[in-house]
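Peer 1: how would this look folded up:
(chains A and B)
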Amino acid sequence: MTCNSAGRFCLSLIENDRVVSKNSKHFNQILSQSIASGLFQDPFVSSKLLLLSLSLSDSNANNLHFPHTLFSQIQNPNIFAWNFMFKAYSHSNTNSNSNTTASPQQCISLYNLMRRRFGLFPDRHSFPFLFKACARLSLSHKGQELHSLTFKLGLQHDVFVQNALLSMYSFCGLLHNARQVFDEIPLSVRDVVSWNSMVSGCIQGRCYWDALKVFDEMLKCDVNARPDGVTLINALTACARIGFLDMGRKIHGLLVRNEFVLDVILGSSLVDMYAKCGQMEHARKVFDTIPDKNVVCWTCLIAGYAHSHLFKESIELFREMQARRVTADAATIACVISSCGHSGALDQGRWVHTHCERSGIHFNLSVKNALIDMYSKCGDIQRALKIFHALNLTERDVFSWTAMITGLALNGLSDEALNLFSQMEMSGGIVRPNEVTFLGVLSACSHTGLVDKGFHYFNHMTQSYNLKPRIEHYGCMVDLLGRANLLAEAERFISAMPIQPDVVIWRSLLFASGSHGNIELAEFSAKRIEELEPKKCGARVLLSNVYASASRWSDVKNMRKSMALQRIQKLPGCSFIEIDGVVHEFFVADDSHCQMDPIYETIIQINKVIQAEGFDPKI
DNA sequence: TTAGGGTTAG
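Peer 2: Residues are numbered from 1 along each chain as shown, chains lettered A, B, ... in the order given. Sure, this is the predicted structure:
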């Protein structure tokens, strides 16, 4: 075959991309003929062959070895060839360190090579890939260097370049720079990608209100960018994160009016928004209309029920998901296990645990943390400890430590809880305790009456970790002082609080003063509760119990009478227990259970045993 | 005569 005929042959086949790109045999034939004929050194032919080799290697995940070798054989690659390589590497896997697999780092290395050895400049097509690589590697300095270069090359007004640039900045956590780039894009030029990138950038930077402000601006501007599915998904995500129901509803209305197709992603975002805003009926309604529901969609609703403290519904929905043969993943499992923990459904939790082990679902840290929490809450502290200790020191995050410390405190193992907290602090500062960790620590102190230690940790939290105590921390301190019969100190502590005490705090003081016979303080606390919750009867019930324990029967009678006059009815207290996967509920003076007689008989026996051991319900 | 951006939900 002569050079000309070979050239014509190659070109004709190259033109027919669809045939060649699916058949590596054809490709190899063309490649060898182009090399043999010398046609490979033609810039158009070599870059076209490179593009074809890349399309063939697409199915071969993350292995760009062959295209790279081909590229290295091109003596003077043109800008097309460079850009094809930039594109391939910028999209490749970030967590590959070996030399044989591709990584975005190689995009940057190739770029440096292009500049230094070939003296070439990138063009408008190169920049989006280069910025993408910088973003994925968090190379903000390199990104800034490239940003300057866009000015030198007069490409600073190209909307593709600007959009990629602003995404790069928000990916690197430089939201301010991203916003600046966004503001510099003229309204007439901004397209839907510019707006979406800015909204998504704000979400990445956890600035949800800003994200919604940009979205709102987009709706008002309406120049040449109408919101698309991605815009609405982003906006719904922002609403979900801050629980902004009004805006979420507005977006729902917008997508209905504009006849958006409710695909599984948009549908899940909507379910998640309603669920996070506590609107479970709406969440369920939307969920039921989504075709081809996947695991994310189911998990949104399961998590929503858990978020609204509807743990039973959350577990039931998981069962329904199982029945529909949708495979759960780690996020679903972590959520269901947490619901089991909160509802005391130990058997169900155990079943989910075993089910995961059998079905090979990956036990990530969230699942392990949820298991620690569930076993602790259900009283199987040994099992919780076993899971916790199986975690390496470097594996444990703040949730693992907090779940275990709180679990130990909850099970009355205060010394162990405080020891574990010391270990956490001594673990080299890998994990810093947060506000919730300190709640566990303070409750451990409270359960064993360690007043001095409680104050030590309360100060330690603010002074060493700069954590601002929340109302719950003040509540723990009042509880601690109250239980230790330091009622005057508790009162002084409440008056000195920088935030308004809530009903929990007053209830804690009422309970403590009642237990220690300080009726005056109990009455004072009850008044504060009534001021905060005039329609509820909790304070009066507690106070009437206090009067009863002091044998002040006329006061008890008056209290009940005033409640009856104001038609206040006490909601009966309720507790529950799970046996063989069934949750049994018990109300005060409840005799509806089919095994009531043996249950009461057992309670009487238990009381006899613990009273013989010195138990006094007043203390 | 080749090519470009936002991967968005738990």
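Peer 1: residue A:367 and DNA strand B, how far apart?
Peer 2: Distance, residue A:367 to DNA strand B, using Cβ to the nearest atom of the strand, to the nearest Å: 11 Å. The way it works is simple: take the backbone N, C-alpha and C, and place the C-beta from them, glycine included.
Peer 1: helix or strand: which one has that residue?
Peer 2: Element membership of residue A:367 [criterion: DSSP states H and E] is helix A:365-377.
Peer 1: need the CA coordinates for that helix. PDB is fine.
Peer 2: Presented in PDB, the C-alpha positions along helix A:365-377 are these (Å, rounded to 0.1, in the frame of the first residue of the first chain):
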ATOM      1  CA  LEU A 365     -17.300   3.300  61.000                       C
ATOM      2  CA  SER A 366     -20.900   4.700  61.000                       C
ATOM      3  CA  VAL A 367     -22.300   1.200  61.300                       C
ATOM      4  CA  LYS A 368     -19.800   0.300  64.100                       C
ATOM      5  CA  ASN A 369     -20.600   3.500  66.000                       C
ATOM      6  CA  ALA A 370     -24.400   2.800  65.600                       C
ATOM      7  CA  LEU A 371     -23.800  -0.800  67.000                       C
ATOM      8  CA  ILE A 372     -21.900   0.600  70.000                       C
ATOM      9  CA  ASP A 373     -24.700   3.000  70.700                       C
ATOM     10  CA  MET A 374     -27.400   0.400  70.200                       C
ATOM     11  CA  TYR A 375     -25.800  -2.300  72.400                       C
ATOM     12  CA  SER A 376     -25.100   0.300  75.100                       C
ATOM     13  CA  LYS A 377     -28.700   1.700  75.000                       C
END
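Peer 1: list the helices and strands the helix or strand just after that helix packs on?
Peer 2: Downstream of helix A:365-377, the next assigned helix or strand under DSSP H and E is helix A:381-389. Judged by 3 or more Cβ pairs under 8 Å, 6 or more residues apart in numbering; DSSP states H and E, the packing partners of helix A:381-389 are helix A:365-377, helix A:398-410.
Peer 1: looking at these, spot the one closest to residue A:53.
Peer 2: helix A:365-377 (40.4 Å; Cβ to Cβ).
Peer 1: packing partners of that closest one?
Peer 2: Right, helix A:365-377 is packed against helix A:330-343, helix A:346-359, helix A:381-389, helix A:398-410 by 3+ Cβ pairs under 8 Å, 6+ apart.
Peer 1: contacts for the third one next, please.
Peer 2: With contacts defined as Cβ atoms under 8 Å, 6 or more residues apart in numbering, helix A:381-389 is touched by A:368, A:371-373, A:375-376, A:396, A:400, A:403-404, A:407-408, A:411, A:413.
Peer 1: likewise the second one?
Peer 2: When contacts are taken as Cβ under 8 Å, 6+ apart, the neighbours of helix A:346-359 outside the stretch itself are A:315, A:318, A:327, A:333, A:336-337, A:340-341, A:361, A:363, A:367, A:371, A:374-375, A:378-380, A:578-581.
Peer 1: weed out the non-buried ones from these.
Peer 2: Neighbour counting with 16 or more other Cβ atoms under 10 Å marks A:315, A:318, A:333, A:336-337, A:340-341, A:361, A:363, A:367, A:371, A:374-375, A:378, A:380, A:578 as buried within the contacts of helix A:346-359.
Peer 1: quick one: average pLDDT of stretch A:110-118?
Peer 2: Mean per-residue pLDDT for stretch A:110-118: 96.
Peer 1: give the buried residues for that stretch.
Peer 2: For stretch A:110-118, a neighbour-count test (16+ other Cβ under 10 Å) marks A:110-111, A:114 as buried.
Peer 1: swap in stretch A:479-492?
Peer 2: Those would be A:479-487, A:489-491, for stretch A:479-492 by 16+ other Cβ under 10 Å.
Peer 1: what does the stretch 251-400 of chain A have sitting close to DNA strand B?
Peer 2: Contacts of the stretch 251-400 of chain A with DNA strand B, taken as Cβ under 7 Å from any atom of the strand, map to A:264-265, A:268-269, A:272, A:294-297, A:299-300, A:303, A:329, A:331-332.
Peer 1: now a PyMOL select for only the buried ones of those.
Peer 2: The PyMOL selection below is limited to those of these classed as buried (16+ other Cβ under 10 Å):
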select buried, chain A and resi 265+268+269+272+295+296+297+299+300+303+329+331+332
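Peer 1: now the residue lying closest to residue A:156 once chain neighbours are set aside: which helix or strand?
Peer 2: Closest residue to residue A:156 apart from its sequence neighbours, by Cβ to Cβ, 6 or more residues apart in numbering: residue A:150 at 4.7 Å. Assigned by DSSP H and E, residue A:150 belongs to helix A:140-152.
Peer 1: tell me the buried residues in the following helix or strand past that helix?
Peer 2: Using DSSP H and E, the helix or strand that follows helix A:140-152 in sequence is helix A:159-171. Buried residues in helix A:159-171, counted by 16+ other Cβ under 10 Å: A:160-171.
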